[in-house]
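Enquirer: Predicted model, plus sequence, below.
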Amino acid sequence: MNIETLEDEFGYQLQRAYYVERAHVELLAEMAADAATDDLASRFETHRDETERHVERLERVFEELGRQPRATRSQTADGLAESRRTRFDGADGESPPTYVDLEIGLAAERLEIRSYEGLLALAGRLAYADDIVEPLEETLEEERATLGKLEALEMELSIVDSLETGHTEQ
Ligand SMILES: [Fe+2]
Ligand SMILES: [Fe+2]
(Lines give C-alpha, C1' and ligand atoms only; values in the text may rest on other atoms or scores of the structure.)
(Ligands and ions follow the chains in the order given, each with its own letter.)
Protein backbone atom coordinates (compact mmCIF):
# COMPACT_ATOMS: atom_id res chain seq x y z
CA MET A 1 0.00 0.00 0.00
CA ASN A 2 1.43 3.38 -1.06
CA ILE A 3 1.15 5.99 1.64
CA GLU A 4 1.06 9.46 0.12
CA THR A 5 -1.74 11.26 1.92
CA LEU A 6 -3.17 11.51 5.44
CA GLU A 7 -6.11 9.41 4.24
CA ASP A 8 -3.66 6.70 3.16
CA GLU A 9 -1.95 6.84 6.55
CA PHE A 10 -5.32 6.58 8.33
CA GLY A 11 -6.22 3.58 6.13
CA TYR A 12 -2.89 1.93 6.92
CA GLN A 13 -3.26 2.48 10.66
CA LEU A 14 -6.86 1.25 10.53
CA GLN A 15 -5.75 -1.99 8.85
CA ARG A 16 -3.06 -2.44 11.46
CA ALA A 17 -5.53 -1.81 14.32
CA TYR A 18 -7.83 -4.40 12.71
CA TYR A 19 -4.98 -6.92 12.77
CA VAL A 20 -4.14 -6.07 16.39
CA GLU A 21 -7.74 -6.47 17.57
CA ARG A 22 -8.22 -9.77 15.78
CA ALA A 23 -4.92 -11.08 17.15
CA HIS A 24 -6.04 -10.01 20.64
CA VAL A 25 -9.31 -11.93 20.39
CA GLU A 26 -7.18 -15.07 19.96
CA LEU A 27 -4.58 -14.08 22.54
CA LEU A 28 -7.20 -13.23 25.19
CA ALA A 29 -8.98 -16.53 24.52
CA GLU A 30 -5.69 -18.36 25.17
CA MET A 31 -5.00 -16.26 28.26
CA ALA A 32 -8.51 -16.90 29.64
CA ALA A 33 -8.20 -20.63 28.97
CA ASP A 34 -5.06 -21.19 31.01
CA ALA A 35 -4.88 -18.25 33.43
CA ALA A 36 -3.48 -18.99 36.89
CA THR A 37 -6.61 -17.85 38.74
CA ASP A 38 -10.36 -17.73 38.06
CA ASP A 39 -10.27 -13.98 38.64
CA LEU A 40 -7.66 -13.45 35.94
CA ALA A 41 -9.47 -15.85 33.59
CA SER A 42 -12.75 -13.96 33.94
CA ARG A 43 -11.04 -10.59 33.39
CA PHE A 44 -9.48 -11.88 30.17
CA GLU A 45 -12.76 -13.43 29.09
CA THR A 46 -14.68 -10.21 29.67
CA HIS A 47 -12.16 -8.24 27.65
CA ARG A 48 -12.15 -10.87 24.90
CA ASP A 49 -15.90 -10.24 24.50
CA GLU A 50 -15.23 -6.50 24.37
CA THR A 51 -12.43 -7.09 21.86
CA GLU A 52 -14.87 -8.89 19.56
CA ARG A 53 -16.95 -5.71 19.62
CA HIS A 54 -13.79 -3.67 18.87
CA VAL A 55 -13.32 -5.77 15.73
CA GLU A 56 -16.95 -5.09 14.70
CA ARG A 57 -16.57 -1.36 15.34
CA LEU A 58 -13.50 -1.24 13.10
CA GLU A 59 -15.50 -3.07 10.42
CA ARG A 60 -18.14 -0.33 10.66
CA VAL A 61 -15.41 2.32 10.27
CA PHE A 62 -14.14 0.56 7.11
CA GLU A 63 -17.72 0.53 5.87
CA GLU A 64 -18.16 4.27 6.58
CA LEU A 65 -15.03 4.90 4.51
CA GLY A 66 -16.40 2.72 1.70
CA ARG A 67 -13.56 0.21 2.10
CA GLN A 68 -13.37 -3.53 2.57
CA PRO A 69 -11.99 -4.53 6.00
CA ARG A 70 -8.38 -5.60 5.55
CA ALA A 71 -5.67 -6.41 8.07
CA THR A 72 -2.04 -5.31 7.88
CA ARG A 73 0.28 -7.39 9.99
CA SER A 74 1.53 -5.88 13.24
CA GLN A 75 4.79 -7.47 14.31
CA THR A 76 4.35 -5.95 17.76
CA ALA A 77 1.07 -7.85 18.26
CA ASP A 78 2.63 -11.05 16.90
CA GLY A 79 5.59 -10.53 19.22
CA LEU A 80 3.35 -10.37 22.28
CA ALA A 81 1.62 -13.65 21.46
CA GLU A 82 4.97 -15.20 20.60
CA SER A 83 6.54 -13.95 23.82
CA ARG A 84 3.80 -15.60 25.89
CA ARG A 85 4.18 -18.88 24.01
CA THR A 86 7.95 -18.99 24.42
CA ARG A 87 7.71 -18.36 28.16
CA PHE A 88 5.00 -20.91 28.72
CA ASP A 89 4.44 -24.02 26.63
CA GLY A 90 1.01 -24.89 28.05
CA ALA A 91 2.07 -28.48 28.76
CA ASP A 92 0.10 -30.63 31.24
CA GLY A 93 -2.66 -28.07 31.71
CA GLU A 94 -0.33 -25.76 33.62
CA SER A 95 -0.84 -22.02 33.92
CA PRO A 96 1.75 -19.34 33.23
CA PRO A 97 2.86 -17.27 36.22
CA THR A 98 0.46 -14.38 36.81
CA TYR A 99 3.23 -11.82 36.24
CA VAL A 100 3.73 -13.14 32.69
CA ASP A 101 0.04 -12.70 31.87
CA LEU A 102 -0.03 -9.29 33.52
CA GLU A 103 3.01 -8.18 31.53
CA ILE A 104 1.51 -9.41 28.24
CA GLY A 105 -1.95 -8.04 29.09
CA LEU A 106 -0.61 -4.59 30.01
CA ALA A 107 1.56 -4.42 26.88
CA ALA A 108 -1.40 -5.46 24.70
CA GLU A 109 -3.62 -2.67 26.11
CA ARG A 110 -0.85 -0.07 25.76
CA LEU A 111 -0.36 -1.08 22.12
CA GLU A 112 -4.09 -0.71 21.43
CA ILE A 113 -4.33 2.61 23.25
CA ARG A 114 -1.44 3.97 21.21
CA SER A 115 -3.04 2.79 18.00
CA TYR A 116 -6.43 4.40 18.78
CA GLU A 117 -4.74 7.63 19.87
CA GLY A 118 -2.93 7.70 16.52
CA LEU A 119 -6.13 6.99 14.58
CA LEU A 120 -8.07 9.68 16.47
CA ALA A 121 -5.35 12.28 15.94
CA LEU A 122 -5.45 11.58 12.19
CA ALA A 123 -9.28 11.50 12.15
CA GLY A 124 -9.23 14.96 13.77
CA ARG A 125 -6.86 16.37 11.15
CA LEU A 126 -8.98 14.81 8.40
CA ALA A 127 -12.15 16.26 9.99
CA TYR A 128 -13.83 12.85 9.80
CA ALA A 129 -17.48 12.61 10.86
CA ASP A 130 -18.80 11.27 14.16
CA ASP A 131 -19.69 7.96 12.53
CA ILE A 132 -15.95 7.33 12.25
CA VAL A 133 -14.69 9.14 15.35
CA GLU A 134 -17.21 7.87 17.92
CA PRO A 135 -16.62 4.12 17.57
CA LEU A 136 -12.86 4.75 17.86
CA GLU A 137 -13.39 6.86 20.99
CA GLU A 138 -15.69 4.27 22.51
CA THR A 139 -13.10 1.53 22.04
CA LEU A 140 -10.27 3.74 23.34
CA GLU A 141 -12.28 4.28 26.55
CA GLU A 142 -12.66 0.52 27.01
CA GLU A 143 -8.95 -0.08 26.40
CA ARG A 144 -8.06 2.58 28.97
CA ALA A 145 -10.50 1.10 31.50
CA THR A 146 -8.99 -2.36 30.98
CA LEU A 147 -5.46 -1.00 31.35
CA GLY A 148 -6.48 0.76 34.57
CA LYS A 149 -7.93 -2.45 36.02
CA LEU A 150 -4.83 -4.47 35.12
CA GLU A 151 -2.58 -1.82 36.65
CA ALA A 152 -4.66 -1.86 39.83
CA LEU A 153 -4.43 -5.66 39.94
CA GLU A 154 -0.66 -5.52 39.45
CA MET A 155 -0.39 -3.05 42.31
CA GLU A 156 -2.60 -5.21 44.54
CA LEU A 157 -0.53 -8.32 43.78
CA SER A 158 2.78 -6.53 44.39
CA ILE A 159 1.51 -5.40 47.79
CA VAL A 160 0.46 -8.96 48.68
CA ASP A 161 3.83 -10.20 47.43
CA SER A 162 5.73 -7.63 49.48
CA LEU A 163 3.78 -8.66 52.60
CA GLU A 164 4.59 -12.31 51.98
CA THR A 165 8.29 -11.67 51.44
CA GLY A 166 8.45 -9.15 54.28
CA HIS A 167 9.68 -6.37 52.00
CA THR A 168 7.43 -3.39 52.37
CA GLU A 169 7.76 -0.24 50.35
CA GLN A 170 8.45 2.85 52.37
FE1 LIG B 1 -9.35 -3.75 21.71
FE1 LIG C 1 -7.81 -4.22 24.73
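Expert: That came in fine, so what should we check first? Residues are numbered from 1 along each chain as shown. Ligands and ions are numbered 1, 2, ... in the order given.

Enquirer: So which residues make contact with stretch 136-143?
Expert: Contact with stretch 136-143 is made by 50, 53-54, 57-58, 61, 109, 112-113, 116-117, 119-120, 123, as judged by Cβ atoms under 8 Å, 6 or more residues apart in numbering. To be clear about C-beta, it is placed using only N, CA and C from the backbone, and glycine gets the same treatment.

Enquirer: Just the ones in strands from those, please.
Expert: Using DSSP state E, the subset of these located in strands is empty.

Enquirer: Just the buried ones from those, in PyMOL syntax?
Expert: Here is the PyMOL selection string for the buried members of the contacts of stretch 136-143, based on 16 or more other Cβ atoms under 10 Å:
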select buried, resi 50+54+57+58+61+109+112+113+116+119+120+123
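
Enquirer: Filter the contacts of stretch 136-143 down to just the ones in helices.
Expert: Here DSSP state H is the test, and those give 50, 53-54, 57-58, 61, 109, 112-113, 116-117, 119-120, 123 as lying in helices.

Enquirer: closest to ligand 1 among those?
Expert: Comparing those against ligand 1 with Cβ to the ion places His54 closest, at 3.7 Å.

Enquirer: Give me the pLDDT value at that closest one.
Expert: On the pLDDT scale, His54 is placed at 98.

Enquirer: tell me the mean pLDDT over the helix ranked longest in the chain?
Expert: Counting residues, the longest helix in the chain under DSSP H turns out to be helix 130-165. For helix 130-165, mean pLDDT is 92.

Enquirer: Quick check: buried residues in it?
Expert: Neighbour-count burial for helix 130-165 [16+ other Cβ under 10 Å]: 132-133, 135-136, 139-140, 142-143, 146-147, 150, 153-154.

Enquirer: since we're on Ala121, how many residues are nearby?
Expert: Using other Cβ atoms under 10 Å, Ala121 is surrounded by 12 other residues.

Enquirer: so what's it up against?
Expert: Going by Cβ under 8 Å, 6+ apart, the list of residues near Ala121 is empty.

Enquirer: The nearest residue to Asp131 once chain neighbours are set aside and Glu21, how far apart?
Expert: Once flanking residues are discounted, Asp131 sits nearest to Glu64: 4.9 Å by Cβ to Cβ, 6 or more residues apart in numbering. Using Cβ to Cβ, to the nearest Å, one obtains 17 Å as the distance from Glu64 to Glu21.

Enquirer: For these two, work out which one has more neighbours and name it.
Expert: Remark: of Glu64 and Glu21, Glu21 carries more neighbours, 25 against 14, as counted by other Cβ under 10 Å.

Enquirer: so that one makes contact with Val55?
Expert: Yes - using Cβ atoms under 8 Å, Glu21 is in contact with Val55, at 4.8 Å.
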